[in-house]
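*Asks:* Take a look and give me a structure for this.
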Amino acid sequence: MNPPNPPVFTEQALPPWKRAVLKVGSSLLAAPGGGLTPRHALALAQFVSANVQAGREVVIVSSGAVAAGRAILPRAAEAGAAMAARQALAALGQAQLIGLWQRFFERPVAQVLLTHDDLRNRRRYLNARGTLLELLRLGALPVVNENDTVSVDELKLGDNDNLAAFVAALVDAEVLFIASDVAGLYSADPRSCPDAQPINEVPAITPEILAMAGGNGSALGTGGMRTKLDAAAKAASAGIQTVLFSGTDGQTLRLMAQGSVCGTRFHAAGTRLAARKHWLRHAPSVPGAVLVDAGAAEALGQRGASLLPGGVLDALGDFARGDIVEIQCRRDDALQLIGRGLVQYSASDIRRIARRHSREIDSILGYNYGESIVHRDDLVRQ
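*Replies:* Got it, this is the predicted structure:
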């Protein structure tokens, strides 16, 4: 909790955005003694609704399933090992958590459960990305939570802060909003240091900034401010700004609906696209390549186009959907490197749809992952 009269944060303009991730922690949803309460969720939902009505898109990353499950079977934690009990409580409470959010929205709320393995594995990463983007296109509100019923090492207090940063990168969000029970980052713990000052802006997360969060095990450490700084650092490296604010303060949420905030704003390290291109250029590629014709090579190199099946001649080697491979063109009996990119289709699929129109993909394969072999945002030129 904040001190009775903490120093106030300066009102500042929110960064411009069209798509955002809003992370909501258990402390804002859990009722005393277990279960969920709409006390703070309602104002957060109104903030989401106001922005959706303005044409923006929001993905919610929400904790609270374990707390909800504890209200259904309060004695469940007494049976069996602690991890199994928490997983059981999460399974019991997840429907309650989704039901809490659904009551605030006329649009459908979609449950999406992820583990960190889903975000580390490139093929599962692409599948999760495709699902979330399609839900947004359909006008649904995705509510993401960690899949606590199967997670083991990942299931720990505060981990949804980092999950939210991964989701923000997954859906190409411009900003990550972290709603907390604290007003923002202070220079020290304001409960024990009366001279603690609010930090309105953080251009970069340095060791000095991290020191402000306290050490592991402190009130602002693990599961508190430190995980929020870790999440902000991950988001910054992906070119995404982070805004940390109080989800318990109705005035702060009203300001946010009007484009301002009283809290801490963490700057991004460059643009989202630049961060993605840097990763594509330096991430290891797999043996294999997509061979394209001269027209496709020119479109990729000169016009910044996506690679469509019609410009593909062949797939060299064996690779899977989600792998990073080279894109090559044969010139003067030699293979010339055009660039490298993340493929939406496997080598065997690419051989079947090469030189065909994008609209034929579904009839040839029986499914499709989009019209492009490599999207322009997933491609770097040589």
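
*Asks:* Excluding covalently adjacent residues, which one is nearest to Leu136?
*Replies:* Distance criterion CB to CB, 6 or more residues apart in numbering; nearest residue to Leu136, sequence neighbours excluded, is Glu57 at 4.8 Å. C-beta coordinates here come from the backbone N, C-alpha and C atoms, glycine included.

*Asks:* pLDDT wise, what is Val169 at?
*Replies:* Heads up, residue 169 is Ala, not Val. On pLDDT, Ala169 comes in at 89.

*Asks:* helix/strand/coil for it?
*Replies:* The local conformation at Ala169, judged by DSSP: H, G, I helix; E, B strand; the rest coil, is helix.

*Asks:* Same check on Val243?
*Replies:* Put simply, Val243 is strand when judged by three-state DSSP.

*Asks:* Quick check: phi and psi at the nearest residue to Asn368 once chain neighbours are set aside.
*Replies:* Excluding its sequence neighbours, the residue lying closest to Asn368 (CB to CB, 6+ apart) is Ile361, at 4.2 Å. Here the main-chain torsion angles of Ile361 (degrees, to the nearest 10) amount to phi -60, psi -50.

*Asks:* ok, now which ones touch Ile361?
*Replies:* Ile361 makes contact with Pro309, Ile353, Asn368, Glu371, according to CB atoms under 8 Å, 6 or more residues apart in numbering.

*Asks:* Could you report the neighbour count for the last one?
*Replies:* Residue neighbour count, defined by other CB atoms under 10 Å, stands at 14 for Glu371.

*Asks:* and the gap between it and Val59?
*Replies:* Distance, Glu371 to Val59, using CB to CB, to the nearest Å: 24 Å.

*Asks:* Check the first one too.
*Replies:* In this structure, Pro309 and Val59 are separated by 30 Å, where distance is defined by CB to CB.

*Asks:* more crowded one of these two?
*Replies:* Val59 (27 against 23).

*Asks:* What segments of the stretch 151-300 of the chain are strands?
*Replies:* With strands called from DSSP state E, counting those that start in this stretch, the stretch 151-300 of the chain shows them at 175-180, 185-186, 198-199, 201-202, 241-246, 260-266, 289-292.

*Asks:* Please name every helix or strand in contact with the fifth one.
*Replies:* This means strand 241-246. Here strand 241-246 is seen to pack against strand 175-180, helix 225-237, helix 250-257, strand 260-266 when contacts are counted using 3 or more CB pairs under 8 Å, 6 or more residues apart in numbering; DSSP states H and E.
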